[in-house]
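Engineer: sequence isn't available, so here's the structure alone:
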């Protein structure tokens, strides 16, 4: 984590889901279902919007830094601590 409160999380995205939801966390990897299709970046855009609402940060504070065209992605998040990110995401995991 840098002094600017910039953190990176690893996610595995499943596009074309029924709804947007966090389905689990293991081995430092968040599993997230996204309702949008992967065509033309729609799932990436929806992922950023979903994480923005879930983490209560502006979309401009989120960026995909690796894996734009893959299921596994690295997401950079500014303006929030690792502890808060972990708590907010864990509280949204669907059982």
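Structural biologist: Perfect, thanks for sending it. Computed from a predicted model, the values in this text were never measured in an experiment.

Engineer: contacting residues around residue 76?
Structural biologist: Contact analysis of residue 76 by Cβ atoms under 8 Å, 6 or more residues apart in numbering lists 6, 7, 8, 62, 63, 64, 65. All C-beta spots, glycine's among them, are computed from the backbone N, C-alpha and C.

Engineer: could you dump the residues you listed into a markdown table and include distance to residue 45, neighbour count and secondary structure?
Structural biologist: Converted to a markdown table, those look like this (distance: Cβ to Cβ, whole Å; neighbours: other Cβ atoms under 10 Å; DSSP: H, G, I helix; E, B strand; the rest coil):
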| residue | distance to residue 45 | neighbour count | secondary structure |
| --- | --- | --- | --- |
| 6 | 21 | 13 | strand |
| 7 | 21 | 19 | strand |
| 8 | 19 | 12 | strand |
| 62 | 11 | 21 | strand |
| 63 | 12 | 12 | strand |
| 64 | 10 | 18 | strand |
| 65 | 16 | 10 | strand |
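
Engineer: run through the protein and note the low-pLDDT ranges.
Structural biologist: For the chain, the stretches with pLDDT under 70 are 1-4, 95.

Engineer: pick out the residue nearest the middle of it.
Structural biologist: The residue lying closest to the centre of the chain (Cα atoms, centre = their mean) is residue 51, at 5.0 Å.

Engineer: what's the helix ranked longest in the chain packed up against?
Structural biologist: Counting by DSSP state H, the longest helix found in the chain is helix 42-55. Secondary-structure packing of helix 42-55 (3 or more Cβ pairs under 8 Å, 6 or more residues apart in numbering; DSSP states H and E): strand 6-14, strand 62-66, strand 72-78, helix 82-90.
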